[in-house]
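A.B. asks: what would the 3D arrangement of this be:
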Amino acid sequence: MPKANVFAPSVATSGATREVGAGPANSPLAQAIRFGNMLFVSGVGGVDGATDTVVSGGVKAQCRMALQNLDAILVAAGANHGHVVNLRLVFRHVADAPRVEAILAQWLGDERVALLCTGSTPNRAGIDLQIECIAMFD
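C.D. replies: Below is the predicted model:
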């Protein structure tokens, strides 16, 4: 079964490797990979795709932008947040996790997902939160 790279041009990569133009520039990494009925989305952060800068306003603003970026990648794959079965939130400061609960709940609506919140040091300066997910297609 072949895997397919998924790319949303409006989304800047939040990691050290940047996406340029219409696809990856000298990188083995993808924003997402579709394999059969599964979609694996790489960690996205609160980076404005138009300016390639981390949004100001702290972890809440970054969460909103990261979810907007995640939505764009899901749409590029032919999915939406209703297809998401697993979310992983990686915080620079794990104490920030409660600050984004309401934003995440609003994004999910009536959907339920398996969730893991963990702490780490994101690999781009200024990023306080990255979100990755697994989505399933019928």
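A.B. asks: show me the contacts for the residue nearest to the spatial centre of the chain.
C.D. replies: Residue closest to the average C-alpha location in the chain (C-alpha atoms, centre = their mean): Val44, at 3.1 Å. By C-beta atoms under 8 Å, 6 or more residues apart in numbering, the residues touching Val44 are Val11, Ser14, Gln31, Ala66, Asn69, Leu70, Ile73, Gln130, Ile131, Glu132. Glycine gets a C-beta too; all of them are placed from N, C-alpha and C.
A.B. asks: state the distance from it to Met1.
C.D. replies: 25 Å (C-beta to C-beta, to the nearest Å).
A.B. asks: so where's the longest helix in this structure?
C.D. replies: Ordering each helix of the chain by length in residues (DSSP state H) puts helix 58-76 first.
A.B. asks: give me the contacts around that helix.
C.D. replies: 6-8, 10-12, 14, 31-32, 39, 41, 44-49, 54-55, 80-81, 83-84, 91, 93, 96, 99-100, 103-104, 107, 127-131, 133, 135.
A.B. asks: those residues in helices, which ones?
C.D. replies: Ile103, Leu104, Trp107.
A.B. asks: turn the residues you listed into CSV, including neighbour count.
C.D. replies: Converted to CSV, those look like this (neighbours: other C-beta atoms under 10 Å):
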residue, neighbour count
Ile103, 17
Leu104, 17
Trp107, 20
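A.B. asks: pull out the buried members of the contacts of helix 58-76.
C.D. replies: Listed as buried from these are 6, 8, 11-12, 14, 31-32, 39, 41, 44-49, 54-55, 81, 83-84, 91, 96, 99-100, 103-104, 107, 127-131, 133, 135; burial here means 16 or more other C-beta atoms under 10 Å.
A.B. asks: so what pLDDT did the closest residue to Val100 other than its chain neighbours get?
C.D. replies: Nearest residue to Val100 in three dimensions, chain neighbours excluded: Cys63, at 4.3 Å (C-beta to C-beta, 6 or more residues apart in numbering). Note on Cys63: pLDDT of 98.
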